[in-house]
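K.L.:
Sharing a sequence plus its predicted fold:
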Amino acid sequence: MTTVIQHSILSIINMLPIWVIFLIWFSAINPISSSVSSIYAKQVLQDAKREKDWLVSIRRRIHENPELRFQEFNTSSLIRSELDKLSIYYEYPFAQTGVVAIIGSGSSPVVALRADMDALPMQELVDWEHKSKIDGRMHGCGHDAHTTMLLGAAKLLNQRKDRLKGTVRLLFQPAEEGGAGASHMIQDGALGEAKAIFGMHVEFTTLTGSISSVSGPSCAAVSMFKVKIEGQGAHAAEPHKSIDPIVSTSFIILALHQVISREANPLESHVLSVTYVKGGTALNIIPPSVEFGGTLRSLTTDGLHWLRQRLKEVVEHGAALHRGRAYVDFIEDYHPPYPAVNNDDTLHHHIEAIGGVILGPKNVLPGQKIMASEDFSFYQEKIPGILIGIGIRNEEIGAVHSPHSPYFFLDEDVLPIGAALHTIFAETYLS
């Protein structure tokens with residue numbers, strides 16, 4: 001009879017989602033368990049805060065020397081140097097400059113943590129002691145902080161390696177900014193046998209000390225495009241002798257916007273933006289060709305495929321209607337299309353449960369869907385994953401500007417918080 005009851009209990013447990021089991025284990029068994037779990041989480045956070053000076057020094061070194069996609073050689077060298085000092089095993093290179101640190105038993109289960117390393121081709125306008133030393137380059141999206149927080153997690157996890165019930169792979173990834181570095185990391189085997197992956201991105205609308213998470217679609221699938229409409233040039237006094245590409249282009253752009261307003265489901269999120277148009281230069285000459293381009297965005301990858309198909313159809317048919325020719329280029333060699341970020345529901349609840357213990361329930365906020373892209377989505381096409389937001393907003397120090405702004409600035413108090421969160425996410429997942 002006892003055996004039957006035990007099998008029944010095990011059957012029920014096996015049917016429960018992981019996050020439900022985790023919640024029961026983490027806080028609901030009895031007050032002693034809840035107290036010990038809370039003490040553990042706070043201890044990890046305190047350990048991380050003791051490393052703040054080291055974390056800040058790492059972040060500032062990276063910030064002062066920003067490197068663009070697939071050129072992160074010095075950043076990669078710094079990471080490997082710090083891992084060597086900590087006696088942490090790593091493999092290199094992945095995707096030219098990427099590094100994968102490996103901590104734990106070396107056996108299953110395996111979980112991955114990811115940070116991106118690359119900077120942006122923009123001029124920093126923040127006037128502070130540690131601004132970019134390289135003209136035209138800036139860590140304007142917080143990847144210097146992402147890398148630093150993951151290095152911090154490596155140090156904390158290494159201190160706890162004997163307690164890990166599995167293996168953690170820490171992915172230091174190049175080329176998130178338009179280079180689809182994640183896809184190259186995957187091709188080179190960076191995920192290994194990982195069954196889940198966690199990532200975080202700084203969030204300027206969220207106060208330091210808070211995080212945000214959302215289940216399901218989070219960031220858009222995105223594709224760039226360029227179009228060339230060829231016609232026939234002529235003098236403005238003789239338009240009948242032309243095949244006017246300006247008229248054709250105007251018609252096509254209006255038709256493209258009608259795809260969104262009249263074909264797309266209004267309850268789904270799609271964006272088509274034409275961001276430039278280039279034609280002739282003379283006031284009295286109809287040019288032989290016009291170029292225009294922009295971006296396509298959808299909160300689903302299938303939605304992006306549909307937008308790309310419709311753009312090609314509308315452009316080609318619109319040009320033919322006006323006796324012209326059209327050439328559509330999705331410039332995939334330089335700007336590969338990104339799938340949509342789609343956060344795993346089980347991992348989302350895992351984040352909410354842990355975040356509530358570490359930071360307090362009021363500091364775990366509902367995440368917002370955005371129409372920007374993130375190549376973390378490539379990992380999610382292979383294994384369950386979640387990308388959360390981590391707050392960096394601090395009005396007192398001017399940390400109020402959005403990523404990709406030349407005035408972007410972040411609160412360095414986030415560094416130990418991110419390191420601790422990475423550590424606990426991984427350790428509790430393996431448990």
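P.N.:
That came in fine, so what should we check first?

K.L.:
drop to CA atoms for contacts and neighbour counts, all remaining ones
P.N.:
Noted.

K.L.:
where along the stretch 201-350 of the chain do the helices fall?
P.N.:
245-262, 301-321, 345-359 (DSSP state H, counting those that start in this stretch).

K.L.:
What residues does residue 426 make contact with?
P.N.:
Residues in contact with residue 426 (Cα atoms under 8 Å, 6 or more residues apart in numbering) are 111-113, 168.

K.L.:
Kindly apply the preceding question to residue 368 instead.
P.N.:
Contacts of residue 368 by Cα under 8 Å, 6+ apart are 212-214, 218.

K.L.:
Can you tell me which of those residues are buried?
P.N.:
212-214, 218 (16 or more other Cα atoms under 10 Å).

K.L.:
Using CSV, please lay out those together with pLDDT and distance to residue 270.
P.N.:
Formatted as CSV, those follow (pLDDT from 0 to 100; distance: Cα to Cα, whole Å):
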residue, pLDDT, distance to residue 270
212, 98, 23
213, 98, 22
214, 98, 19
218, 98, 13
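
K.L.:
helices or strands next to the strand or helix carrying residue 389 in the packing?
P.N.:
Assigned by DSSP states H and E, residue 389 belongs to strand 385-393. On a contact count with 3 or more Cα pairs under 8 Å, 6 or more residues apart in numbering; DSSP states H and E, strand 385-393 meets strand 196-207, strand 211-213, strand 341-343, helix 345-359, helix 376-380, helix 414-430.

K.L.:
Next, the angle helix 414-430 makes with the fourth one.
P.N.:
Yep, that's helix 345-359 we're talking about. With axes from the mean of the first three to the mean of the last three Cα atoms, to 10 degrees applied, the angle from helix 345-359 to helix 414-430 works out at 130 degrees.

K.L.:
State the mean pLDDT of helix 345-359.
P.N.:
When pLDDT is averaged along helix 345-359, the result is 95.

K.L.:
contacting residues around it?
P.N.:
17-19, 22-23, 38, 41-42, 45, 209-211, 213-216, 361-364, 384-386, 421, 424-425.

K.L.:
number of nearby residues for residue 223?
P.N.:
25 (other Cα atoms under 10 Å).

K.L.:
In the chain, which residue is most central in space?
P.N.:
For the chain, the residue sitting closest to the mean C-alpha position, by Cα atoms, centre = their mean, is residue 374 at 3.5 Å.

K.L.:
who touches that residue in this structure?
P.N.:
Residue 374 is in contact with 176, 219-220, 338, 340-341, counting by Cα under 8 Å, 6+ apart.

K.L.:
Quick one: which of the contacts of residue 426 is the most crowded by neighbours?
P.N.:
Going by other Cα under 10 Å, residue 168 tops those with 32 neighbours.

K.L.:
ends of stretch 39-58, how far apart?
P.N.:
28 Å (Cα to Cα, to the nearest Å).

K.L.:
who's in contact with it?
P.N.:
Looking at what lies outside stretch 39-58 - Cα under 8 Å, 6+ apart - the contacts are 148-149, 152, 156, 357-358, 412-413, 415-417, 419-421, 423-424.

K.L.:
which of those residues sit farthest apart?
P.N.:
148 and 357 (23.1 Å; Cα to Cα).

K.L.:
Which one's more surrounded, those two?
P.N.:
Set residue 148 next to residue 357 and count neighbours by other Cα under 10 Å: residue 148 wins out with 28 against 20.

K.L.:
nearest spatial neighbour of that one, skipping sequence neighbours?
P.N.:
residue 59 (5.6 Å; Cα to Cα, 6 or more residues apart in numbering).

K.L.:
And the helix or strand hosting that neighbour, what's buried?
P.N.:
Assigned by DSSP H and E, residue 59 belongs to helix 52-64. Residues of helix 52-64 classed as buried by neighbour count (16+ other Cα under 10 Å): 52, 55-56, 58-64.

K.L.:
and if you look at stretch 309-327?
P.N.:
For stretch 309-327, by 16+ other Cα under 10 Å, it's 311-312, 314-319, 322, 324-326.

K.L.:
and what of stretch 269-281?
P.N.:
Here stretch 269-281 shows 269-272, 277, 279-280 as buried, counting by 16+ other Cα under 10 Å.

K.L.:
starting at the chain centroid, how far to that stretch?
P.N.:
Relative to its parent chain, stretch 269-281 has a centroid offset of 25 Å by Cα atoms, centre = their mean, to the nearest Å.

K.L.:
try stretch 377-388
P.N.:
10 Å.

K.L.:
So what touches that stretch?
P.N.:
182-183, 186, 194-201, 211-214, 338-344, 347-348, 367, 376.

K.L.:
Need the distance between the two termini of it.
P.N.:
Termini of stretch 377-388 sit 12 Å apart (Cα to Cα).

K.L.:
Done for today, thanks.
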